[in-house]
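> 3D model of this:
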Amino acid sequence: MLSVYSGQRRSDIVRMGRQHLEDRALNVRQQKTGAQLAIPIHPKLRAELDHLPSASLTFLMTAQGKPFSPVGFSNWFSDCARKAGLPSNSSPHGLRKAAARRLAEAGCSVFEIASITGHASLKEVERYTKSAQQKLLARSAMSALGHG
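Below you'll find the model as predicted:
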């Protein structure tokens with residue numbers, strides 16, 4: 001849920017905790033870029049966060065009660081995906097791309113998507129969302145012609 005509703009990298013996901021919640025937003029300084037983001041919390045994510053223990057420093061904890069490392073989180077995620085019968089290349093990065101794609105499918109501009117994902121390059125956002133944007137723009141174009 002953190003990945004899908006925040007669009008953040010694994011290195012940022014594993015550091016997120018209650019200390020990042022402020023004014024109905026996740027306030028995150030991205031580790032890779034240093035970008036400071038205030039991401040509004042989606043109601044579905046809020047519902048999940050409300051069920052987590054409040055004593056933990058991070059939202060995501062290992063079975064041993066310790067915060068995940070980025071690599072440890074990726075390994076755990078891939079193992080869970082494999083056990084669930086998902087494709088062998090499933091990774092947290094795929095959820096970051098899915099978040100960007102879902103925003104594009106909802107009609108968000110590349111600027112709006114970048115405000116969530118923190119991408120410094122709009123070209124990277126466009127690469128993540130190219131197929132979603134194509135479908136959306138094609139529907140809009142046909143609708144403009146009166147065929148949608």
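> please pull out the lowest mean pLDDT helix or strand from this structure.
Taking mean pLDDT, DSSP states H and E as the measure, helix 122-144 is the helix or strand of the chain with the lowest mean score, a mean of 84.
> quick one: list the elements packing against that helix.
Other helices and strands packing on helix 122-144, by 3 or more CB pairs under 8 Å, 6 or more residues apart in numbering; DSSP states H and E, are helix 92-105, helix 110-117. All C-beta atoms are positioned from the backbone trio N, CA, C, and that covers glycine.
> avg pLDDT for the shortest one?
Per-residue confidence for helix 110-117 averages out to 95 on the pLDDT scale.
> flag every buried residue along the least confident helix or strand of the chain.
By 16 or more other CB atoms under 10 Å, the buried positions in helix 122-144 come out as 125, 126, 128, 129, 132, 133, 136.
> what about this structure, any weak spots by pLDDT?
By pLDDT under 70, the low-scoring segments of the chain are 147-148.
> Three-state assignment for residue 38, please.
strand (DSSP: H, G, I helix; E, B strand; the rest coil).
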